[in-house]
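Asks: sequence unknown, structure follows:
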């Protein structure tokens, strides 16, 4: 019998496994996929490596910092700062037709941009900062309050509200149109107060170090090992049945598979209500260039754009994608200290909102054609807000909601899971707990924090 069985070898599952193995627990991580990482994984195509989820590591702090999520992760997993080898961003922008706001890893830049573009709102911005800093991450009641309501009470300029919501929703909001106040505070701190960085070698470096540490502590990692069901008797998980029919047992189960997806595995539950599932998923085009982006005037790390005063954040109503808003990521544009970590090729990644059902219902031939069509359309939309790079493209790929579904197993390929988060990680089964996206933290650092927090709370108290 294992002390803890972890479902899913993404960032949260791996971090939880390391934390528990440090305390001599016998831990087994089960991963249905052939590789690790979940949403933050990678693949190889035409001789090139592509990251699936990584745009940036949020919650960045400089080497030696004692506070913040990154510092806590390094302490609790016993890594050195160099093990993640993070390069900070050069600078990013939020761009609407009427205004733009630049920001980097120094909050004073955003302050000065708001003072310049919205001078009547700067005192209100300071009020918002105080509310964000004072927020308690584990307050379930406060977590669920409408961000739009609080922002409307704080600011008298609607455009500023939309511009602040845009990057925070893009990088961590499972709900359509509005955002839970707790999620807003978590994302605001991680993006605007702490900031962006990137591992020199991409997400592979972090995943490699996590797996090496987990196995070095005696942890077991089983790939291509899906869970058929969690056998529950009298509200207690007594065993896990694998896809191959084998049964394994553990004192506790920690699942990063998602809330609905985990409940569906339980032998004592009926099919969860599909309306609870998240609806927000993406396509992402990847353009490989024959030159570095800064040689043709692209100096931004990330650009969040929206083409009207109202930010569009909902599942497309009548098409495969909605390209009115998007994210332009240039992974070359980080402050690499030397050429060792710099990408050899120029890369531009463009993300657009998509509809899972429409992509999933395409025939194989239609799917291939629509990938080409939406690559062109998403790039055409994005170059309104960044220097046109199309003449320098030497290779491309585009992944879709069905790709995300394959890597994460989330219903609808929902990148940020269900809108209703379970902050304490509990389920109706007394020894089954959630970690990862549906517990409440998102992003690479957030996912690892979730795994560590839930391991500490539920698996280290015997």
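Replies: Okay, I see it. Since the structure is predicted, the reported quantities are computational estimates derived from the model, not experimental observations.
Asks: am I right that residue 40 is in a strand?
Replies: No. According to DSSP: H, G, I helix; E, B strand; the rest coil, residue 40 belongs to no strand; its state is coil.
Asks: for residue 246, what are its contacts?
Replies: Not one residue lies near residue 246 by Cβ atoms under 8 Å, 6 or more residues apart in numbering. Just so you know, the C-beta spots here come from the backbone N, C-alpha and C atoms, and that holds for glycine as well.
Asks: let's see 10 Å
Replies: 225, 228, 239-240 (Cβ atoms under 10 Å, 6 or more residues apart in numbering).
Asks: just the buried members of these?
Replies: With burial judged by 16 or more other Cβ atoms under 10 Å, the buried subset of the contacts of residue 246 is 225, 239-240.
Asks: reformat the residues you listed as JSON lines; add secondary structure, pLDDT and distance to residue 205.
Replies: As requested, these are exported to JSON lines (DSSP: H, G, I helix; E, B strand; the rest coil; pLDDT from 0 to 100; distance: Cβ to Cβ, whole Å):
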{"residue": "225", "secondary structure": "coil", "pLDDT": "96", "distance to residue 205": "25"}
{"residue": "239", "secondary structure": "strand", "pLDDT": "97", "distance to residue 205": "36"}
{"residue": "240", "secondary structure": "strand", "pLDDT": "98", "distance to residue 205": "31"}
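Asks: between those residues, which sits nearest residue 405?
Replies: Minimum distance to residue 405 across the buried ones among the contacts of residue 246 is 18.7 Å, recorded for residue 225 (Cβ to Cβ).
Asks: which one is that closest one nearest to, not counting chain neighbours?
Replies: The shortest distance from residue 225 to any non-neighbouring residue, by Cβ to Cβ, 6 or more residues apart in numbering, is to residue 30 (4.8 Å).
Asks: so that neighbour touches residue 230, yeah?
Replies: No. Applying Cβ atoms under 10 Å, one finds residue 30 not in contact with residue 230, separated by 11.1 Å.
Asks: now for the two: what residues contact both?
Replies: Listed as contacting both residue 30 and residue 230 by Cβ under 10 Å, 6+ apart are 5, 7, 240, 253, 255.
Asks: distance-wise, check the spatially closest residue to residue 38 that is not a sequence neighbour relative to residue 351.
Replies: Computed as Cβ to Cβ, 6+ apart, the closest residue to residue 38 that is not its neighbour in sequence is residue 10, at 2.9 Å. Going from residue 10 to residue 351 by Cβ to Cβ, to the nearest Å gives 19 Å.
Asks: max pairwise distance over the contacts of residue 246: which two?
Replies: 225 and 239 (14.6 Å).
Asks: so where's the protein shaky on pLDDT?
Replies: 43, 52-54, 138, 338-342, 462 (pLDDT under 70).
Asks: outline the domain layout of it.
Replies: Annotated domains of the chain cover 2-85+202-275+419-458, 92-194, 279-408 [automatic domain parsing].
Asks: most tightly surrounded among these?
Replies: Across the domains of the chain, the average number of neighbours (mean count of other Cβ atoms under 10 Å) peaks for domain 2-85+202-275+419-458, which reaches a mean of 20.
Asks: what's the end-to-end length of that one?
Replies: End-to-end span of domain 2-85+202-275+419-458 (Cα to Cα, to the nearest Å): 15 Å.
Asks: got it, and stretch 388-408?
Replies: End-to-end distance for stretch 388-408: 32 Å, by Cα to Cα.
Asks: any idea how far that stretch is from the chain center?
Replies: 17 Å (Cα atoms, centre = their mean, to the nearest Å).
Asks: check stretch 361-377 too.
Replies: Its chain's C-alpha centre and that of stretch 361-377 lie 25 Å apart, by Cα atoms, centre = their mean.
Asks: what's it in contact with?
Replies: Residues outside stretch 361-377 that contact it (Cβ under 10 Å, 6+ apart) are 283-287, 319-321, 323, 350, 352, 354-355, 358-360, 390, 393, 396-400, 402-403.
Asks: change it to 7 Å
Replies: Contact with stretch 361-377 is made by 283, 285, 320-321, 323, 396, 398, 400, as judged by Cβ atoms under 7 Å, 6 or more residues apart in numbering.
Asks: for the residue nearest to residue 38, give me its contacts.
Replies: Neighbours of residue 10 in contact, by Cβ under 7 Å, 6+ apart: 37-40, 256, 436, 447.
Asks: which of those sits closest to residue 128?
Replies: residue 447 (26.0 Å).
Asks: tell me which residues touch the closest residue in space to the closest one that isn't next to it in sequence, please.
Replies: Closest residue in space to residue 447, ignoring its immediate chain neighbours: residue 11 at 3.8 Å, by Cβ to Cβ, 6+ apart. Residue 11 is in contact with 40, 444, 447-448, counting by Cβ under 7 Å, 6+ apart.
Asks: TSV for those, including secondary structure and distance to residue 140?
Replies: As requested, those are exported to TSV (DSSP: H, G, I helix; E, B strand; the rest coil; distance: Cβ to Cβ, whole Å):
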residue	secondary structure	distance to residue 140
40	coil	26
444	helix	24
447	helix	20
448	helix	22
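Asks: from these, which is closest to residue 422?
Replies: residue 447 (15.0 Å).
Asks: what segments of the chain are helices?
Replies: With helices called from DSSP state H, the chain shows them at 11-21, 69-77, 107-117, 122-134, 140-143, 147-154, 158-170, 181-188, 203-216, 259-265, 356-360, 364-382, 401-408, 443-458.
Asks: give me the contacts around the shortest one.
Replies: Counting by Cβ under 7 Å, 6+ apart, helix 140-143 makes contact with 135-136, 180-182, 421, 423, all of which sit outside it.
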